[in-house]
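Colleague: Sequence plus predicted model, see below.
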Amino acid sequence: MAERTLRGARIGSTSLQSEEGIEFAPRRRVEYITDKGTRFAVMFDAEAEPPAEWTDQRSGEIGFLDDDAGRAARAEFEEKEGQQRTHWDMLMERRSREELEELLQERLQLLRARRGGEGTD
């Protein structure tokens, strides 16, 4: 009998508490603009400081605030994008060219030994 009375009530999926007397947190709408000129808005808490950049959910593009902070973030982003480090750059940060030559010779000797001594010095 209890199953019949609860069927269709969607217990657990919706709240039975009313919104009466509840005060929602104040919000504000912040607009971002992408490189293509597309504007999109994101809602933030009224007291929160919005980040200078945000990814548009629809297009996946990065948008920046249309103010000084946004322009500074855009310039920094473009600078980073233009100076992407390659694997070689990161390798050279960790090791000198002499160390790399030495490692190469060690690995070549190991490979030659596995092949049965072909071309050993």
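Modeller: That came through fine.
Colleague: Give me the domain ranges for the chain.
Modeller: Using automatic domain parsing, the domain parsing of the chain gives 26-84, 85-115.
Colleague: Pick out the shakiest of these, pLDDT-wise.
Modeller: Note on these: lowest mean pLDDT is at domain 26-84, with a mean of 86.
Colleague: Would you work out how far apart the start and end of that domain are?
Modeller: End-to-end distance for domain 26-84: 41 Å, by CA to CA, to the nearest Å.
Colleague: do the same with stretch 23-40
Modeller: With CA to CA as the measure, stretch 23-40 spans 27 Å from end to end.
Colleague: And the helices in this protein, which stretches?
Modeller: 2-6, 68-82, 87-94, 97-114 (DSSP state H).
Colleague: looking at these, which is buried most?
Modeller: When the helices of the chain are scored by mean count of other CB atoms under 10 Å, the highest mean neighbour count falls to helix 68-82 (a mean of 13). To be clear about C-beta, it is placed using only N, CA and C from the backbone, and glycine gets the same treatment.
Colleague: Show me what that helix is packed against.
Modeller: strand 53-55, strand 62-65 (3 or more CB pairs under 8 Å, 6 or more residues apart in numbering; DSSP states H and E).
Colleague: Check which residues of the last one are buried.
Modeller: With burial defined by 16 or more other CB atoms under 10 Å, the residues of strand 62-65 counted as buried are 63-65.
Colleague: Out of the helices of the chain, which gets nearest to R29?
Modeller: helix 68-82 (15.3 Å; CB to CB).
Colleague: Alpha carbons only: can I get the closest one in CSV?
Modeller: Only the C-alpha atoms of helix 68-82 are listed here, as CSV (Å, rounded to 0.1, in the frame of the first residue of the first chain):
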residue,chain,number,x,y,z
ASP,A,68,42.3,47.3,-17.9
ALA,A,69,42.7,43.9,-16.1
GLY,A,70,41.2,42.1,-19.2
ARG,A,71,43.6,43.9,-21.6
ALA,A,72,46.6,43.1,-19.4
ALA,A,73,45.5,39.4,-19.3
ARG,A,74,45.0,39.4,-23.0
ALA,A,75,48.5,40.8,-23.6
GLU,A,76,50.0,38.2,-21.2
PHE,A,77,48.1,35.4,-22.9
GLU,A,78,49.3,36.5,-26.4
GLU,A,79,52.9,36.8,-25.2
LYS,A,80,52.8,33.3,-23.7
GLU,A,81,51.2,31.8,-26.9
GLY,A,82,53.8,33.4,-29.1
